[in-house]
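*Asks:* Coordinates for the following, if possible.
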Amino acid sequence: MKRAFLFLLLAAAILAACGSNNQDKEAEEVNGNGDGSPNQVNAELMEQSPLVYQYSISNQSDEKIKLEFTSSQRYDYKITNDAGEQVFLYSSVTSFAQVMGEETLNPGDTLDYQIDLRERDMEPGDYKLTAWLTPSGGEKYKIEQSFTIPGEE
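*Replies:* Numbers count the residues shown, from 1 in each chain. Next up is the predicted model:
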């Protein structure tokens, strides 16, 4: 009986340690206030060529920002049609290594990710591309942009 109690106590202590969330206070102060103050992080989605976009996160603040991730995935994106239906989700067709990782954005630094939609089999029409980071906590820096797949003439 004593052994069972000690085992349960040890298991509870291990689970409590695994579940702790020690986010940097600095990142919480900097992330996502979006009011134009010096502590600002900007998300941008720019079309580089037809159906090729660059998703960028730039640190315009005076503080470094540490983003923690629970896998090798750093960003995700989805495509919705003009009816608001999701027609594609990047993470649903991509495998990621299950390893802890982090990205540090020093003041003035930028993270860039390329999103290539040329291989997506989409019918002609109007769509919306939504991209976001996938950190384990904090701001996701979500951004959207509309685009059109022209019909054949």
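
*Asks:* Which residue ranges of the protein form helices?
*Replies:* All helices of the chain, identified by DSSP state H, fall at 2-18, 25-30.

*Asks:* Of those helices, which shows the lowest average pLDDT?
*Replies:* Ranked by mean pLDDT, the helices of the chain end with helix 25-30 in last place, scoring a mean of 35.

*Asks:* where does the protein dip in pLDDT?
*Replies:* Low-confidence regions of the chain, defined by pLDDT under 70, span residues 1-39, 153.

*Asks:* Can you pull up the most central residue in it?
*Replies:* residue 133 (1.1 Å; C-alpha atoms, centre = their mean).

*Asks:* ok, that one to residue 102 distance?
*Replies:* Going from residue 133 to residue 102 by C-beta to C-beta, to the nearest Å gives 12 Å. Where you see a C-beta, it was placed from the backbone N, CA and C, and this is true even at glycine.

*Asks:* got any residues that touch both of these two?
*Replies:* Residues touching both residue 133 and residue 102 (C-beta atoms under 8 Å, 6 or more residues apart in numbering): residue 67.

*Asks:* so where do the strands sit in the protein?
*Replies:* Using DSSP state E, the strands of the chain run over residues 41-49, 52-59, 65-69, 75-81, 86-89, 101-105, 110-116, 125-133, 143-149.

*Asks:* Now render those strands as CSV, adding distance to residue 95.
*Replies:* Formatted as CSV, the strands of the chain follow (distance: least, C-beta to C-beta, whole Å):
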stretch, distance to residue 95
strand 41-49, 24
strand 52-59, 20
strand 65-69, 15
strand 75-81, 13
strand 86-89, 14
strand 101-105, 15
strand 110-116, 17
strand 125-133, 19
strand 143-149, 25
